[in-house]
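Asker: here is my input, please return the structure:
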Amino acid sequence: MSAEDWDFIQPKPGAPGNPNVPRRDLTLVYGEAVTVGDTRIVPVLTPGHTPGSMGFIFTVRDGATTHTAALFGGTMLLPSAPLPQVQQYLRSIEHFREVTRRLGADVELLNHPLMDDLFVKLKRLKTRQPREAHPLVVGEEGYQRFLTVMYESMKGQLAKRGELSVP
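Answerer: Numbering: from 1, shown residues only. Below is the predicted model of the structure:
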């Protein structure tokens, strides 16, 4: 986790301790890649869902073809989230959009499988025939569209609340 999220999960002064809080070990830093096996993972700070939410960008392979996968951390906010949190979330989506565009993200991964029909895609993957497209590869334009939908959906929530003051 990021330092912000490690701090976020710590018990507040005067509050009872929580035995389920994990032991702080690795602190991810925006832009400092972490290597797991032969996979280099680039963390991108995307606050909004939590103060230290992170997205991740890394390469994946489908046979001999290499793709760039992106996972936006914290893909949802409650419609009642406070305005400053929503504004921060929108800025994070814009920032992640810039980074993923620059790095050529073309594989869409989400941390909540219900948000993108992952189970349907996994079923398609099991019956995939040679030369059929991989169901998680959406293309660079498709990945940018995904982020645009997230952004516009949250702006729609603000409009519904009468708080659309974010450009």
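Asker: just give me the residue closest to the centre of this structure.
Answerer: Phe72 (1.0 Å; C-alpha atoms, centre = their mean).
Asker: show me what that residue is bridged to.
Answerer: According to DSSP bridges, the partner residues bridging Phe72 are Leu110.
Asker: give me every residue that touches it.
Answerer: Contact analysis of Phe72 by C-beta atoms under 8 Å, 6 or more residues apart in numbering lists 46, 55, 93, 96, 110-111, 147, 150. The way it works is simple: take the backbone N, C-alpha and C, and place the C-beta from them, glycine included.
Asker: at 7 Å instead, please
Answerer: Taking C-beta atoms under 7 Å, 6 or more residues apart in numbering, we find Phe72 in contact with 46, 55, 96.
Asker: ok, the last one touching Pro43?
Answerer: No. With contact taken as C-beta atoms under 7 Å, Phe96 and Pro43 are classed as non-touching, separated by 11.3 Å.
Asker: okay, and the common contacts of those two?
Answerer: Joint contacts of Phe96 and Pro43 (C-beta under 7 Å, 6+ apart) do not exist.
Asker: so which of the contacts of Phe72 is the closest to Val120?
Answerer: The closest of the contacts of Phe72 to Val120 turns out to be Gly55 (C-beta to C-beta; 23.2 Å).
Asker: who touches the helix or strand where that closest one lies?
Answerer: Taking DSSP states H and E as the criterion, Gly55 maps to strand 54-62. By C-beta under 7 Å, 6+ apart, the residues outside strand 54-62 that reach it are 2, 28, 39-46, 66-73, 96, 99-100, 103, 105, 107, 134, 137.
Asker: do stretch 101-108 as well
Answerer: Residues contacting stretch 101-108 (C-beta under 7 Å, 6+ apart): 57, 60, 67-70, 116, 136-140, 143-144, 146.
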